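Asks: structure here, sequence nowhere to be found:
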């Protein structure tokens, strides 16, 4: 039970002491001088061919383990349409735009095997895909010209044109080899028809199989996996995978923003989708359909995933970079967290440090589990089942205060020699109070609640119920839950107590802040918020940076205040939306769309 549900019982947190020489050994990456045109896996999954360049394409064959260069074919042609390996992975065939011919090259011997000039009638057509025959002696190429879909067959070594066939029906663009035949699929009136032609008799088309399609599928952007028969398509901003054999959806997700280009492993166990941003998504097959296996972050503006035929690796193409990951590496696979969680106000991490830099507490906002971690060992010392959605927390030397739905609950922290992984729930709390006048919360992804350093007061930014518009700062007493004062903030902002606990600042994401002093009247016993003014100097919306001034300006490097690079972040941890939180010598990196917080000891 623990192995099955542990990842859901508490958030993951990685504590890193010193500077790691390697974050994730399973990741390799390489860059190219110019944008990448296309790439292809070899059937043995041991090589990756990459074409790059603008006016004149250059091709490199990379080792699929290290991304080191294995060979550099000399193909002096223009832009690249596609690359395809022979079944034995020895030959690489390339079709370029100009002057419109196929070149086959043996990357083991370095010999150009053939140069095939296609027939004049198809040179102006758009090339879609290509496939070798099982014997490796012939290959087929598919072309599209308006509504005409043409497949041409050629001898690899002689360069002779064997024949062609054309169809007018809407077709799915990829072609594949089945025995000594070539197959493709047409889609019309709610059905997919698998068509077959022989490599030696391409003028005869035979319908092999009829499969049902969903009502919202369309030809554009589809990819058909023949075995098992699955149709992947993008419609209305949703990415869908249809089981054509059992007539059911295996995936229907709206969690991918601007999806583009899909990829299957050969057996359909893994499915990937790229985006118009740095994110790619990888799903894994399960008895109930595809579940999110991991989210991949590249350092480029677009992402295009290609899964290896054996399904063990995946490359993600960016503008001019290739990133390699292992799909089967469970140590780097985060839990399935929705990419749009932050838009709903969930998925954001809440984190606090104890005085003396001994402990850290972490939770997912609006979840019910809080984990108190030992910063020296990185192991949980206390796991709290709060029994309520968590909105804020404060961590002292001996107690922890958690703010939830209308409640303030306090627990004792176990002694250092008590043992690790101690679990408590609401019944183990030492104090539980309710707000006497609960505020109206502001439904924003930013945190709207803060606990003072001495754990005595709580500041909440909520809706102004009197004016029915704007936001208001509410100040509460922790032991009693009594509202001490409230003022209009004038800004939709996050509340922060100063380190001495005497002031509250309401800070926007753009660095603007309004400031109030907490004034206590000893005679009347009243506490008031006294306005101090405003400021606009706060970087990244977080007011309490130490003088060392570490930053992550490009989402990839942690740098010192003088610009010296201190630590390189791995691709899966790169983000331009980091929230930085300091606890003395510790720096916490938080991003709601990444799988876990990182706490760095600097």
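Replies: Received the coordinates, thanks. Remember, it's a predicted structure, so these values are computed and weren't measured experimentally.
Asks: so what's residue 402 up against?
Replies: 363, 370, 384, 386, 390, 392, 393, 408, 409, 410, 411 (Cβ atoms under 8 Å, 6 or more residues apart in numbering). Every C-beta, even on glycine, is put in place using the N, C-alpha and C of the backbone.
Asks: for residue 225, that is, sorry about that
Replies: Contacts of residue 225 by Cβ under 8 Å, 6+ apart are 231, 232, 264, 268.
Asks: coming back round to it: next step: the contacts of residue 402 restricted to strands.
Replies: Using DSSP state E, 363, 370, 384, 392, 393, 408, 409, 410, 411 are the members of the contacts of residue 402 that sit in strands.
Asks: thinking again about what came up before, wait, which of the contacts of residue 225 is closest to residue 42?
Replies: Within the contacts of residue 225, proximity to residue 42 (Cβ to Cβ) peaks at residue 264, which comes in at 16.6 Å.
Asks: how close does that closest one sit to residue 288?
Replies: The gap separating residue 264 from residue 288 is 18 Å, by Cβ to Cβ, to the nearest Å.
Asks: now swap in residue 348 and tell me
Replies: 28 Å.
Asks: quick one, which of those two is more surrounded?
Replies: Using other Cβ atoms under 10 Å, the more surrounded residue of residue 348 and residue 288 is residue 348, with 20 against 7.
Asks: surely that one touches residue 363?
Replies: No - the criterion here is Cβ atoms under 8 Å, and residue 348 misses it with residue 363 at 9.8 Å.
Asks: count of residues packed around residue 203?
Replies: Residues near residue 203, counting by other Cβ under 10 Å: 11.
Asks: at which residues are the helices of the protein located?
Replies: With DSSP state H as the criterion, the chain has helices at 2-9.
Asks: show me what the residue nearest in space to the middle of it bridges to in the sheet.
Replies: Nearest residue to the geometric centre of the chain (Cα atoms, centre = their mean): residue 295, 3.2 Å. Applying DSSP bridges to residue 295 yields these beta-bridge partners: residue 281.
Asks: same check, this time on the one 10 residues further on
Replies: When assigned by DSSP bridges, residue 305 has beta-bridge partners residue 316.
Asks: and the residue in the chain sticking out farthest from the centre, what pLDDT?
Replies: Of all residues in the chain, residue 523 has its C-alpha farthest from the mean position, at 56.4 Å, by Cα atoms, centre = their mean. Each residue has a pLDDT score; the one for residue 523 is 81.
Asks: what do you get for the one 5 residues further on?
Replies: pLDDT for residue 528: 94.
Asks: spit out the contact partners of it.
Replies: So residue 528 contacts 484, 485, 518, 519, 521 (Cβ under 8 Å, 6+ apart).
Asks: now the third one, nearest residue through space, not along the chain?
Replies: Distances taken as Cβ to Cβ, 6 or more residues apart in numbering put residue 502 closest to residue 518, at 5.7 Å, once the chain neighbours are dropped.
Asks: burial check on the one you found, number of neighbours?
Replies: 13.
Asks: cool, residue 451 as well?
Replies: Counted with other Cβ under 10 Å, residue 451 comes out at 26.
Asks: hang on, isn't the residue nearest to residue 518 packed against residue 517?
Replies: Yes - assessed by Cβ under 8 Å, residue 502 is found in contact with residue 517 at 6.6 Å.
Asks: and the residue nearest to residue 375 when sequence neighbours are not counted, what are its bridge partners?
Replies: Nearest residue to residue 375 in three dimensions, chain neighbours excluded: residue 360, at 5.6 Å (Cβ to Cβ, 6+ apart). Beta-bridge pairing of residue 360 under DSSP bridges involves residue 353, residue 373.
Asks: show me what contacts residue 360?
Replies: 13, 15, 351-354, 372-373, 375, 395, 583, 586, 588, 599.
Asks: for the residue farthest from the centre of the chain, give me phi and psi.
Replies: For residue 523, the backbone dihedrals (degrees, to the nearest 10) come out as phi -80, psi -50.
Asks: since we're on residue 400, how many residues are nearby?
Replies: Neighbourhood size, residue 400 [other Cβ under 10 Å]: 25.
Asks: quick one: contacts for the closest residue to it other than its chain neighbours?
Replies: Once flanking residues are discounted, residue 400 sits nearest to residue 411: 5.3 Å by Cβ to Cβ, 6+ apart. With contact taken as Cβ under 8 Å, 6+ apart, residue 411 is in contact with 382, 384, 399, 400, 402, 424, 428, 429, 430.
Asks: distance-wise, check the closest residue to the second one other than its chain neighbours relative to residue 190.
Replies: In this case it means residue 384. Here the nearest residue to residue 384 in space, its sequence neighbours aside, is residue 370; by Cβ to Cβ, 6+ apart that works out to 4.3 Å. For residue 370, the distance to residue 190 equals 51 Å [Cβ to Cβ].
Asks: neighbour count winner among these two?
Replies: Taking other Cβ under 10 Å, residue 370 and residue 190 do not tie; residue 370 has more neighbours (25 against 10).
Asks: residue contacts, that one?
Replies: Residue 370 sits next to 361, 362, 363, 383, 384, 386, 390, 393, 400, 402 when contact means Cβ under 8 Å, 6+ apart.
Asks: okay if I get those as CSV plus pLDDT and distance to residue 105?
Replies: CSV is the format used below for the contacts of residue 370 (pLDDT from 0 to 100; distance: Cβ to Cβ, whole Å):
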residue, pLDDT, distance to residue 105
361, 92, 59
362, 89, 53
363, 87, 56
383, 89, 58
384, 92, 62
386, 91, 63
390, 89, 59
393, 93, 61
400, 95, 65
402, 94, 64
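Asks: show me which of these is closest to residue 534.
Replies: Using Cβ to Cβ, the contacts of residue 370 come closest to residue 534 at residue 393, 27.7 Å.
Asks: and the closest one, how far from residue 492?
Replies: 22 Å.
Asks: looking at the two, which is more packed in?
Replies: Neighbour count, other Cβ under 10 Å: between residue 393 and residue 492, residue 393 has more, with 25 against 16.
Asks: show me the contacts for that one.
Replies: Contacts of residue 393 by Cβ under 8 Å, 6+ apart are 350, 352, 361, 363, 370, 400, 401, 402, 403, 451.
Asks: still on that earlier bit, in CSV: the contacts of residue 370, plus distance to residue 260.
Replies: Converted to CSV, the contacts of residue 370 look like this (distance: Cβ to Cβ, whole Å):
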residue, distance to residue 260
361, 39
362, 34
363, 34
383, 40
384, 42
386, 40
390, 36
393, 39
400, 45
402, 42
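Asks: quick one: pLDDT of residue 367?
Replies: At residue 367, pLDDT is 82.
Asks: the residue nearest to it when sequence neighbours are not counted: neighbour count?
Replies: Once flanking residues are discounted, residue 367 sits nearest to residue 390: 6.3 Å by Cβ to Cβ, 6+ apart. By the criterion of other Cβ under 10 Å, residue 390 has 23 neighbours.
Asks: and for residue 188?
Replies: 12.
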